[in-house]
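Engineer: sharing a model that was predicted from the sequence below.
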Amino acid sequence: MLNTRDQTDLLSGDAETIAGYLGVSVRTVKRWKSGQPMPAAPFKLMQLRHGDLSAIGGADWEGFYFGRDNLFYHPFFKYGFNPYELKGLFFNRQEVAHFRREVPGLKAELKKWKDAAWATGKVLELFKLSMSPVSSRANRTEPPPCDSFAGTPR
C-alpha cells in the first residue's frame, strides 16, 4: 500500500509523467526524488493524484480515498461507492430524517387506536354479559320444579 505521507512513495514512477502532471521540469522532479523536500502544493497534488483526500480536507478525511477504479472508499468499509450511490446517500439521509420526525406522531396515533380498541373490547364484554341468557348467569339458582309438572321429563 502506498504511503501518501512519504515523499519517496509519492514520487515513485516515471519522472517525466510526474513533471507533466505537476507542471514542473523533469530536473525538479529528479531533485525531489534524490531527497530535496517538496513544496507543500506539489506534495498535496501528488497526494490527491494517489487518491488521498486528507491532502485537501485535513485529518478528518484521513483514510478516505478515490481508488483507481474511480470509486470513493471509506476507511471502515471495504467496498467503494460510485457517484450514483453517493447521490443516493443524500436522499436516504433526508428520508431517514423525515421518518424520524414522523415517528412521534405515529406513536401517539397508535396509542389512541390502542386505547380505543381497549375501550371497545370492554364495551363488547359488557354488552355480551348483558345479552347472555338468564339461565347462564353466574350465581343463579334454578327454581324448584312446579307441582303441576311433577313427574314430567325435563
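Structural biologist: It's in. Residues are numbered from 1 along each chain as shown.

Engineer: next helix or strand past the worst-scoring helix or strand of the chain on mean pLDDT?
Structural biologist: One helix or strand of the chain scores below all others by mean pLDDT, DSSP states H and E: helix 54-57, with a mean of 80. Later in the chain than helix 54-57, the nearest helix or strand by DSSP states H and E is strand 65-66.

Engineer: you'd agree Gly88 is in a strand?
Structural biologist: No - counting by DSSP: H, G, I helix; E, B strand; the rest coil, Gly88 is not part of a strand but helix.

Engineer: okay, now it: neighbour count?
Structural biologist: Gly88: 12 surrounding residues under other C-beta atoms under 10 Å. (Each C-beta comes from the backbone N, C-alpha and C, glycine too.)

Engineer: can you check Phe43 too?
Structural biologist: Phe43 has 19 nearby residues by other C-beta under 10 Å.

Engineer: same check, this time on the one 10 residues further on
Structural biologist: Residues contacting Leu53 under the criterion other C-beta under 10 Å number 19.
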